[in-house]
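In: I need the structure of the sequence given here:
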Amino acid sequence: MILGIETSGPSSFLALFGRDLQLEVGCLSPFSHAESLNNLLSLVEEIAPLRELDGIALSLGPGFFTSLRAGAAMAKALSVTIGLPIVGISTLRALARESGRGVIACALDAKKGQVYGAIYRVRRDIHELVAPGIFEPDELVGFALEHRATGFAGDGAIRYGMKPLIPIERPSALTIAEMGVDELSKGNILPALDFIPDYMREPDAVAKTKNK
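Out: Numbers count the residues shown, from 1 in each chain. Now for the predicted structure:
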């Protein structure tokens with residue numbers, strides 16, 4: 001059984017994915033990850049003791065800096081204390097997976113008038129057509145037209161009115177956990193203490209300090 005952690009956006013979600021159990025719990029209070037994650041973990045433990053888990057699947061980003069950092073901190077703490085392996089799942093790739101088959105243009109709100117984007121062809125597997133990056137909304141739409149995208153997904157797509165719209169803001173923790181099963185079977189394990197999420201760009205505080 002895999003524990004999925006999804007904190008790329010303002011909300012916090014945990015999930016369990018196993019042969020006989022699929023469960024997701026979440027807290028929608030914006031940017032309350034530090035307080036909510038431990039409460040959510042207590043709910044999960046009532047269903048399945050953590051020592052019965054096979055591993056952790058973490059939504060690795062891109063996303064909001066403090067949000068991703070909170071999820072990574074929980075994954076690292078559980079890995080060290082219980083000895084669970086961690087696998088990282090691209091948030092954009094998981095969004096494409098959850099959006100169904102087709103050519104999916106994924107757009108997550110990156111603020112500053114930009115989106116974290118990527119384009120995938122989703123069939124039985126997921127094939128990357130445009131690599132993850134930071135795009136102007138019109139730029140991503142242009143790439144989507146070139147690749148004949150069948151839909152746009154993500155809160156960035158919603159914010160900038162990209163159509164045809166697939167109304168999914170971010171991937172679920174359950175999708176993260178399900179994808180983690182495959183990654184764990186391949187042995188794609190992250191170093192428990194040394195990995196960093198895919199922030200894709202520096203937090204504003206660091207950028208401002210460098211520009212002084």
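In: buried stuff in the longest helix along the chain?
Out: Of all the segments of type helix in the chain, defined by DSSP state H, the longest one is helix 65-82. By 16 or more other CB atoms under 10 Å, the buried positions in helix 65-82 come out as 65, 67, 68, 69, 70, 71, 72, 74, 75, 76, 78, 79. Glycine gets a C-beta too; all of them are placed from N, C-alpha and C.
In: Next one: the first one from residue 1, what distance?
Out: Residue 65 is 30 Å from residue 1, where distance means CB to CB, to the nearest Å.
In: all helices of the protein, in order?
Out: Secondary structure of the chain by DSSP H: the helices cover 33-47, 65-82, 91-98, 137-146, 155-159, 173-186, 204-210.
In: Single out the most deeply packed of those.
Out: Highest mean neighbour count of the helices of the chain: helix 91-98, a mean of 27 (counted as mean count of other CB atoms under 10 Å).
In: ok, and the closest non-adjacent residue to residue 90?
Out: Of all residues not flanking residue 90 in the chain, residue 60 sits nearest, at 6.0 Å (CB to CB, 6 or more residues apart in numbering).
In: Pull up the gap between residue 106 and residue 121, please.
Out: Counting by CB to CB - residue 106 and residue 121 are separated by 12 Å.
In: mind listing what the residue nearest to residue 107 when sequence neighbours are not counted touches?
Out: The shortest distance from residue 107 to any non-neighbouring residue, by CB to CB, 6+ apart, is to residue 156 (3.5 Å). Residue 156 makes contacts with 107, 108, 109, 110, 115, 116, 117, 137, 162, as judged by CB atoms under 8 Å, 6 or more residues apart in numbering.
In: Identify the residues contacting the longest strand belonging to the chain?
Out: Ranked by residue count, the top strand of the chain under DSSP state E comes out as strand 126-135. Residues outside strand 126-135 that contact it (CB under 8 Å, 6+ apart): 62, 90, 92-93, 96-97, 103, 105, 107, 110, 114-121, 143, 147, 198, 200-201.
In: Would you mind checking those for buried ones?
Out: Among the contacts of strand 126-135, the ones that count as buried (16+ other CB under 10 Å) are 62, 90, 92-93, 96-97, 103, 105, 107, 110, 114-121, 143, 147, 198, 200.
In: if you look at the residues you listed, which of them are in strands?
Out: Per DSSP E, strands hold the following members of the buried ones among the contacts of strand 126-135: 90, 103, 105, 107, 115, 116, 117, 118, 119, 120, 121.
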